[in-house]
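**Q** missing the sequence, but the structure's below:
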């Protein structure tokens with residue numbers, strides 16, 4: 001591969017000027033077109049400089065949920081950017097893939113093969129589109145993360161993602177202050193830098209907090225930076241009152257703090273101090289929901305959604321009603337079951353559920369067997385997503401792609417360390433390094 005071309009100040013000035021001009025001219029009358037033009041110019045400039053930077057530059061956009069496309073192809077901005085970044089990663093990322101990445105991609109292929117039966121049985125356009133979409137969210141995300149990690153840019157990739165989530169956390173905190181001043185204790189739905197559902201924003205911020213809590217030695221974040229990201233995103237997650245995000249974060253932090261050999265005694269104290277309010281909140285909220293005083297609470301809604309999903313599954317136990325049956329196909333409109341198992345059963349049946357279990361449990365096995373410098377964070381990310389999805393939907397755009405991108409970064413970073421001799425076995429474990437540095441993670 002040829003080295004990146006030098007970029008002069010004049011080149012950057014022209015590129016940024018073109019972006020600014022497109023925004024100024026198009027956004028007042030055609031906002032979507034203006035944003036697309038600006039992104040296209042930036043991607044073109046990055047490609048001219050170094051195409052391997054495109055997956056890194058995509059990291060902060062993975063949280064953008066705004067929709068693009070029509071009824072049959074209805075993707076979020078995050079998915080559209082992921083699609084573009086995938087092709088850059090596939091063409092320009094270092095090869096060969098490591099054994100860990102190959103195993104994860106085969107696990108993704110197992111799920112795609114198992115879910116293909118429902119596409120053949122239930123024939124409507126969005127079923128096929130969603131089958132390809134699921135492949136992008138898992139396999140495509142892994143390749144994008146791999147490209148970031150194996151290029152030696154894991155630190156930058158994590159930092160860009162954490163910075164984007166921190167902006168959401170800041171917006172959440174601003175709303176929280178206003179609500180608390182008015183005596184309003186209701187959940188916060190972030191509106192800045194763009195509108196997000198609380199159960200979408202919560203898990204995204206929780207992953208950023210988890211990365212900052214772990215702060216592996218190979219990421220090399222300064223203590224002040226990791227602490228700031230951790231507490232800011234933790235407070236933001238608490239503000240959304242997203243229970244699945246808080247429970248998932250707690251489980252992920254337990255893995256990081258207590259996994260044997262990680263040397264994280266101090267992390268255990270930080271975890272207990274930080275998560276105690278969250279545990280109390282979740283326990284109290286669930287108890288209040290089960291008291292029966294409010295029949296329209298979130299717990300009751302979830303139980304109704306699970307019952308509805310099981311009823312749909314019974315119509316075709318083997319192959320299900322089709323992917324996205326709740327928004328397209330003969331059964332729409334419906335309610336997406338708020339549980340990964342029920343959602344998968346209703347969509348792809350028993351055959352698909354078996355392949356889904358192979359995917360998620362296989363990912364746990366692969367990350368468990370990785371070197372602990374890289375595998376502990378990867379394992380925590382995977383388990384966090386599994387736990388979250390027991391209390392809400394699994395197949396939700398960035399809530400699928402983000403953990404697999406972060407997982408891919410860990411896998412790629414391990415391959416980069418092995419290739420450059422930074423390694424495995426020569427250096428202290430991540431936990432030991434962080435314990436000496438005084439990091440919260």
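**A** Perfect, I can see it now. Because the structure is predicted, anything quoted here is derived from the model rather than measured. Residues are numbered from 1 along each chain as shown.

**Q** and the gap between residue 322 and residue 89?
**A** 30 Å (CB to CB, to the nearest Å). C-betas here are computed from N, CA, C, even on glycine.

**Q** residues in contact with residue 329?
**A** 122, 124, 126-127, 321-322 (CB atoms under 8 Å, 6 or more residues apart in numbering).

**Q** which of those lies closest to residue 390?
**A** Using CB to CB, residue 321 comes nearest to residue 390 of those, at 21.1 Å.

**Q** pretty sure residue 332 is touching residue 325, no?
**A** Yes: Residue 332 is within contact range of residue 325, at 6.8 Å (criterion: CB atoms under 8 Å).

**Q** Neighbour count: the two, which is higher?
**A** residue 325 (26 against 14; other CB atoms under 10 Å).

**Q** Model confidence for the nearest residue to residue 407 once chain neighbours are set aside, exactly?
**A** Using CB to CB, 6 or more residues apart in numbering and skipping residues adjacent in sequence, the residue nearest residue 407 is residue 378, 5.2 Å away. According to the prediction, residue 378 has pLDDT 96.

**Q** ok, and what's touching the host helix or strand of residue 302?
**A** Taking DSSP states H and E as the definition, one finds residue 302 inside helix 298-313. By CB under 8 Å, 6+ apart, the residues outside helix 298-313 that reach it are 243, 286, 289-290, 294, 320-321, 325, 331, 334-339, 342-343, 345-346, 349, 391-392.

**Q** let's see it at 7 Å
**A** 286, 289-290, 320-321, 325, 331, 334-335, 337-339, 342-343, 345-346 (CB atoms under 7 Å, 6 or more residues apart in numbering).

**Q** Just the buried residues of those residues.
**A** With burial judged by 16 or more other CB atoms under 10 Å, the buried subset of these is 289, 320-321, 325, 334-335, 337-339, 342-343, 345-346.

**Q** which sections of the stretch 251-400 of the chain are below the confidence cut-off?
**A** Along the stretch 251-400 of the chain, segments meeting pLDDT under 70 span 261-300.

**Q** Which parts of it are helices?
**A** Ranges of helices in the stretch 251-400 of the chain, per DSSP state H, counting those that start in this stretch, are 265-290, 298-313, 340-369, 372-388, 398-420.

**Q** Let me have the ones you listed in a markdown table, adding distance to residue 141 as columns.
**A** Listed next are the helices of the stretch 251-400 of the chain as a markdown table, based on distance: least, CB to CB, whole Å:
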| stretch | distance to residue 141 |
| --- | --- |
| helix 265-290 | 27 |
| helix 298-313 | 25 |
| helix 340-369 | 12 |
| helix 372-388 | 12 |
| helix 398-420 | 4 |
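
**Q** Residue 202 is nearest to which of these?
**A** With CB to CB as the criterion, residue 202 lies closest to helix 372-388 of the helices of the stretch 251-400 of the chain, at 8.8 Å.

**Q** The closest one - contacts with which helices or strands?
**A** Contact here means 3 or more CB pairs under 7 Å, 6 or more residues apart in numbering; DSSP states H and E; on that basis helix 372-388 packs against helix 198-214, helix 243-258, helix 340-369, helix 398-420.

**Q** which one of those lies closest to residue 222?
**A** helix 198-214 (11.2 Å).

**Q** what angle separates that closest one from helix 398-420?
**A** 20 degrees (axes from the mean of the first three to the mean of the last three CA atoms, to 10 degrees).

**Q** Helix 198-214: what's the following helix or strand?
**A** Defined by DSSP H and E, the subsequent element after helix 198-214 is helix 223-240.

**Q** and that following helix, what's its mean pLDDT?
**A** If you average the pLDDT over helix 223-240, you get 92.

**Q** Give the buried residues for it.
**A** 226-227, 229-240.

**Q** Dump the residues you listed to a markdown table, plus distance to residue 362.
**A** Compiled in a markdown table, the buried residues of helix 223-240 are given as follows (distance: CB to CB, whole Å):
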| residue | distance to residue 362 |
| --- | --- |
| 226 | 30 |
| 227 | 34 |
| 229 | 30 |
| 230 | 30 |
| 231 | 34 |
| 232 | 34 |
| 233 | 29 |
| 234 | 30 |
| 235 | 35 |
| 236 | 32 |
| 237 | 28 |
| 238 | 33 |
| 239 | 35 |
| 240 | 31 |
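
**Q** quick check, nearest of those to residue 374?
**A** When these are compared for distance to residue 374 (CB to CB), residue 226 comes out closest, at 16.9 Å.

**Q** For the closest one, which non-adjacent residue is spatially closest?
**A** residue 215 (4.2 Å).

**Q** isn't the one you found right next to residue 224, touching?
**A** No: with contact defined as CB atoms under 7 Å, residue 215 does not reach residue 224; the gap is 11.3 Å.

**Q** now the contacts of residue 329 in TSV, with distance to residue 104?
**A** Formatted as TSV, the contacts of residue 329 follow (distance: CB to CB, whole Å):
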residue	distance to residue 104
122	28
124	30
126	27
127	25
321	28
322	26
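
**Q** which of the residues you listed has the most neighbours?
**A** Neighbour-wise, the contacts of residue 329 (other CB under 10 Å) top out at residue 322, 30 neighbours.

**Q** Skipping adjacent residues, who's closest to that one in space?
**A** residue 122 (3.3 Å).

**Q** and that neighbour, what is it in contact with?
**A** With CB under 7 Å, 6+ apart, residue 122 has these contacts: 321-322, 329.

**Q** helices or strands up against whatever helix or strand residue 163 lives in?
**A** Residue 163 is part of helix 154-181, with elements assigned from DSSP H and E. If contacts are counted by 3+ CB pairs under 7 Å, 6+ apart, helix 154-181 sits against helix 54-58, helix 198-214, helix 223-240, helix 398-420.

**Q** Looking at these, which one is packed in the most?
**A** helix 198-214 (a mean of 28; mean count of other CB atoms under 10 Å).

**Q** Sounds good, over and out.
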